[in-house]
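Trainee: Structure, please.
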Amino acid sequence: MRVLSRDDIAALATTKRVTLPFGAKQSNSGYFTGNTLASIMQRTLIALPVATTRWRLRVSNVATLDNTKTPVPGPVTWSDIYVGDPVYPAAGLWAGVMAAAGVSAIPGFVGDAAGNETITPWVTDPALQFVAGQPKALSWKQSFAVGTQLVGRSSASGDGGGGAIWFTPAAGAEFAANPGAAGVNNIYGEMRIEYELAVPVGLDTKIGLWITDSLGEGYSNPKEGMGNFVHETTPGQVAMREGIAMVNASIGTSTLEQWATLPLTDPRWSFLDLATTVPDFAVIGPGINDIQLNGRTFAQMQPWVGQLCDRLRGLGIKKIYATTLMPCNLAATPEGYRTSFNAFLRTCPFGISGTFEFAKLMEVVGATATGDPDYFVTYPHPKKAAYQRLASVANLR
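Mentor: Residues are numbered from 1 along each chain as shown. Reported below is the predicted structural model:
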C-alpha cells in the first residue's frame, strides 16, 4: 500500500471560503459631505484565525442597513492596498506604524460610480498570505470629489465598527512605515475580506456565523486608545481562541426582528456569502435594540427566535447557539422583558444546541439590571475586557 506523501495529502485538501466584514455596516451618514477633504488615508489591523491560501477585498459605498447609494459626485478612487507587519509601542496598543514600508498586495482601482460593489483580484502570493493568529496591517488611500458622501458612521469620535487609524493623506503615506501624525476613527466604505483556506484530509476547521448588532461590530471609544479591531470583538476572539473561521455578521442598530423577518435579499443577508461554504454553526446574539429602540415585548420576541432558527436551517446551518442579553440599565418594564427573554433562551428553545450565559457575566452582583462599569464603554457597548471575558465562555469546538 502506497503511503501518501505531504503533497498527496495537500492535494486532497478541501477549500473553504469565508467572508469577513470589517468596515461600515451601519448607516448612510456621510461624514465627508460638504467639507473640503478630497482624500483620506486609513490603516487597520486584520488577524485571521486560520492560514489563507488566497484572499481579496470586496468594497462598496453602499449602506448595508438601507442599501442607499452614495449621491453624486462619485466615484471613489482607491490606491493600492498595502500590507505590512505592525510595530507596537511600549504602551502595547498599535498606533499605525509598520516595521517597513508596505508591500502592494492589490493594485489601485476606481470604485463603481453608483457605489456598487467592486471585487478586487485575488492575492495569491504566498508571501502575502495571512498566517493564523498573526496580525497584518492593511493600508490604503481613498480619493474623491469634494462633497462626496462616504458610507459609515457620522461620528468622528472613533466610535464606529471596524476600527482604523487615520493619517494625513500625503503623497506616498499609504505605504510609508510611519506616515506621521495619526488619529483614531472608523473605516469608511463597506469593506469585506474574502479568504480561502485549505483544510487537509482528516482535519476539520469549523466555519461559524455570528449574528448580532453593534455588540460584536467593534464599536469603540477613544478612551480605549485605538479601539476594537474586528478580531478583538467577541466573535473575533472566539474565532482566534478556537481556530474557527468566523463570519462576523454584526451590524449596528440591527434587531432580532429584522434578522428573522426581512427577506434574504435584504442587505443584512445579501452581503454575506453563506452558499459557497455553508457555516457549520450559527450564534444568535441578540442585543437590546428590539426592546430599547423599538419597544418590542418579550411575547413579540419569542417567535422571532424560532423564525430565525428556521431561516438558518433553511440555509443548511444545522447547529445553532444563542447568547443571553447583557444588562443595559433599562427601566423596570423593558428590564422585565430582558430578564424574561433570557430565562426563555436558557431553556434552549426551538432546538437550539446551547445558550451562552453573557448576561450574568456582565451584571453587577446584586443588581442584575446594572452593567458592570468595568466592562462597558457606554451601555451597552463592551470594552476589550468584556470581549475577552465573553469569549471565554463561548465554547464552539
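Trainee: Can you tell me the SS state at Ala249?
Mentor: strand (DSSP: H, G, I helix; E, B strand; the rest coil).
Trainee: What is the subsequent helix or strand relative to the helix or strand of the chain with the lowest mean pLDDT?
Mentor: Here the helix or strand of the chain ranked lowest by mean pLDDT, DSSP states H and E is helix 6-11, holding a mean of 54. Note on helix 6-11: by DSSP states H and E, the next helix or strand toward the C-terminus is strand 14-23.
Trainee: So in that sheet, which strands flank the helix or strand that comes right after that following strand, and in what orientation?
Mentor: Later in the chain than strand 14-23, the nearest helix or strand by DSSP H and E is strand 39-46. Partner strands for strand 39-46, per DSSP bridges, with pairing direction: strand 136-143 (antiparallel), strand 164-167 (antiparallel).
Trainee: CA atoms only: put stretch 178-195 into PDB for me.
Mentor: C-alpha atoms of stretch 178-195 as PDB (Å, rounded to 0.1, in the frame of the first residue of the first chain):
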ATOM      1  CA  ASN A 178       5.300  55.600   9.700                       C
ATOM      2  CA  PRO A 179       3.400  58.400   7.900                       C
ATOM      3  CA  GLY A 180       3.400  60.700  10.900                       C
ATOM      4  CA  ALA A 181       0.500  62.100  12.900                       C
ATOM      5  CA  ALA A 182      -2.400  59.700  13.300                       C
ATOM      6  CA  GLY A 183      -5.900  59.900  14.600                       C
ATOM      7  CA  VAL A 184      -8.500  57.300  15.700                       C
ATOM      8  CA  ASN A 185     -11.600  56.900  13.600                       C
ATOM      9  CA  ASN A 186     -13.700  54.200  11.900                       C
ATOM     10  CA  ILE A 187     -13.500  52.700   8.500                       C
ATOM     11  CA  TYR A 188     -15.400  54.500   5.700                       C
ATOM     12  CA  GLY A 189     -16.800  52.400   2.900                       C
ATOM     13  CA  GLU A 190     -18.300  48.900   3.200                       C
ATOM     14  CA  MET A 191     -15.300  46.600   3.300                       C
ATOM     15  CA  ARG A 192     -15.000  42.800   3.500                       C
ATOM     16  CA  ILE A 193     -12.100  40.500   3.200                       C
ATOM     17  CA  GLU A 194     -12.900  37.300   1.500                       C
ATOM     18  CA  TYR A 195     -10.400  34.500   2.000                       C
END
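Trainee: which of the strands paired with strand 39-46 has the lowest average pLDDT?
Mentor: Note on these: lowest mean pLDDT is at strand 164-167, with a mean of 84.
Trainee: returning to what we had before: and the strands paired with strand 39-46, which is most packed in?
Mentor: strand 164-167 (a mean of 24; mean count of other Cβ atoms under 10 Å). Every C-beta, even on glycine, is put in place using the N, C-alpha and C of the backbone.
Trainee: Remind me what the helix or strand following that strand packs against, helices and strands.
Mentor: Later in the chain than strand 164-167, the nearest helix or strand by DSSP H and E is strand 182-185. With contacts taken as 3 or more Cβ pairs under 8 Å, 6 or more residues apart in numbering; DSSP states H and E, strand 182-185 sits against strand 164-167.
Trainee: Give me the mean pLDDT for the helix ranked longest in the chain.
Mentor: The helix spanning the most residues in the chain, taking DSSP state H as the definition, is helix 298-314. For helix 298-314, mean pLDDT is 98.
Trainee: Same check on stretch 211-222?
Mentor: Rounded mean pLDDT across stretch 211-222 is 73.
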